[in-house]
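Colleague: need a 3D model of the sequence below.
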Amino acid sequence: MDAPDPDFAAAVRAAVLTMPAAAHLGFAFASVTPGEVELVLAVRPEHTQHDGFVAGSVLGALADFAGGSAAGTLLPAGWVCMTTDYTVKILAPAKGATVVARGRVLEAGRTTTVAAADVVAVDGGEETFCATALVTMRNLRVG
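Modeller: Numbering: from 1, shown residues only. Okay, the predicted model is just below:
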């Protein structure tokens with residue numbers, strides 16, 4: 001996939017990391033390439049339920065941001081994308097020092113982009129596949 005904006009990586013990082021929700025949760029990018037991102041969450045106690053597993057709402061937010069970020073890599077300069085829908089299927093409990101969401105674009109259109117995100121919990125170097133999501137984004141020109 002080709003990114004129409006040569007500065008796509010900086011634009012996506014800036015768009016996401018300046019959002020209060022992403023900053024509050026502590027998301028960080030491990031990689032940003034055209035059509036794909038890897039978003040990392042260093043797990044803190046406030047991300048977890050009483051049993052130490054990462055809360056489903058946090059997994060959903062991470063998957064949403066990963067899918068949306070992947071979609072954003074394929075937008076022209078001056079465009080943003082906003083979530084219109086996402087569905088998350090939690091497949092296993094998420095417990096570990098970090099949780100990683102790997103977002104990828106499935107279909108990029110002018111006004112709508114559909115992406116997916118797979119979420120893994122990383123504990124001691126071992127990954128547990130814990131969730132998958134479909135994310136639909138509305139592409140909008142800003143300014």
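
Colleague: so which elements touch the longest helix seen in the chain?
Modeller: Assignment by DSSP state H gives helix 56-72 as the longest helix of the chain. The helices and strands touching helix 56-72, judged by 3 or more C-beta pairs under 8 Å, 6 or more residues apart in numbering; DSSP states H and E, are helix 8-17, helix 20-25, strand 27-33, strand 36-42, strand 79-90, strand 98-108, strand 112-123, strand 126-141. C-beta here means a position set from N, CA and C on the backbone, and glycine is covered the same way.

Colleague: include mean pLDDT, distance to Ala70 and mean neighbour count when you put those into TSV, please.
Modeller: Output for the helices and strands packed on helix 56-72, formatted as TSV (pLDDT from 0 to 100; distance: least, C-beta to C-beta, whole Å; neighbours: other C-beta atoms under 10 Å):
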stretch	mean pLDDT	distance to Ala70	mean neighbour count
helix 8-17	96	9	17
helix 20-25	96	14	12
strand 27-33	98	9	16
strand 36-42	98	5	21
strand 79-90	97	10	16
strand 98-108	98	4	20
strand 112-123	98	5	22
strand 126-141	97	8	17
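
Colleague: and these as CSV, adding distance to Ser69?
Modeller: Formatted as CSV, the entries for those read as follows, by distance: least, C-beta to C-beta, whole Å:
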stretch, distance to Ser69
helix 8-17, 5
helix 20-25, 9
strand 27-33, 7
strand 36-42, 4
strand 79-90, 9
strand 98-108, 6
strand 112-123, 9
strand 126-141, 10
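
Colleague: give me the neighbour count for Asp2.
Modeller: When counting by other C-beta atoms under 10 Å, one arrives at 7 neighbours for Asp2.

Colleague: my read is it is in a strand, agree?
Modeller: No - assessed with DSSP: H, G, I helix; E, B strand; the rest coil, Asp2 is coil; it does not lie in a strand.

Colleague: against Gly26, how distant is it?
Modeller: Separation of Asp2 from Gly26 (C-beta to C-beta, to the nearest Å) stands at 31 Å.

Colleague: again with Arg13
Modeller: For Arg13 relative to Gly26 (C-beta to C-beta), the value is 14 Å.
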